[in-house]
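Trainee: Build me a structure from this.
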Amino acid sequence: MNALKISAVAREGIAAITGHQPELVSRCEPSEHGWQVQVELVDTKARITENDVMATYQLNFDSRGRLLSYERTRRYPRGKNGGTFAA
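Mentor: Below you'll find the predicted structure:
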């Protein structure tokens, strides 16, 4: 499994878990037990796009691409990466 393949698996997985389509994979790196991937998605859709609330999810996979765990690690207003809400 390479970074490109595990990124695609992570995007599909988070869409199935949350029901929201991911916007992007913001981090993908090998870990001690496989892969760690961070995915960004719209958590709460607003009428005006700039008011959307985004979320970051961290997904952990084994070396074969099986999902071991996931966690929403951050919520923040779109376009304001410094601001955060409680995860």
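Trainee: so the residue nearest the centre of the chain is in which element?
Mentor: Residue closest to the mean C-alpha point of the chain, counted by CA atoms, centre = their mean, is residue 39 at 1.9 Å. Here residue 39 is covered by strand 34-44, with elements defined by DSSP states H and E.
Trainee: And for residue 16?
Mentor: Counting by DSSP H and E, the element that carries residue 16 is helix 3-18.
Trainee: Between strand 34-44 and the next helix or strand after that helix, find me the angle.
Mentor: Moving toward the C-terminus from helix 3-18, the first helix or strand encountered (DSSP H and E) is strand 22-31. In terms of direction (axes from the mean of the first three to the mean of the last three CA atoms, to 10 degrees), strand 22-31 departs from strand 34-44 by 160 degrees.
Trainee: Can you name every helix or strand that strand 22-31 contacts?
Mentor: Counting by 3 or more CB pairs under 8 Å, 6 or more residues apart in numbering; DSSP states H and E, the packing neighbours recorded for strand 22-31 are helix 3-18, strand 34-44, strand 53-62. Glycine gets a C-beta too; all of them are placed from N, C-alpha and C.
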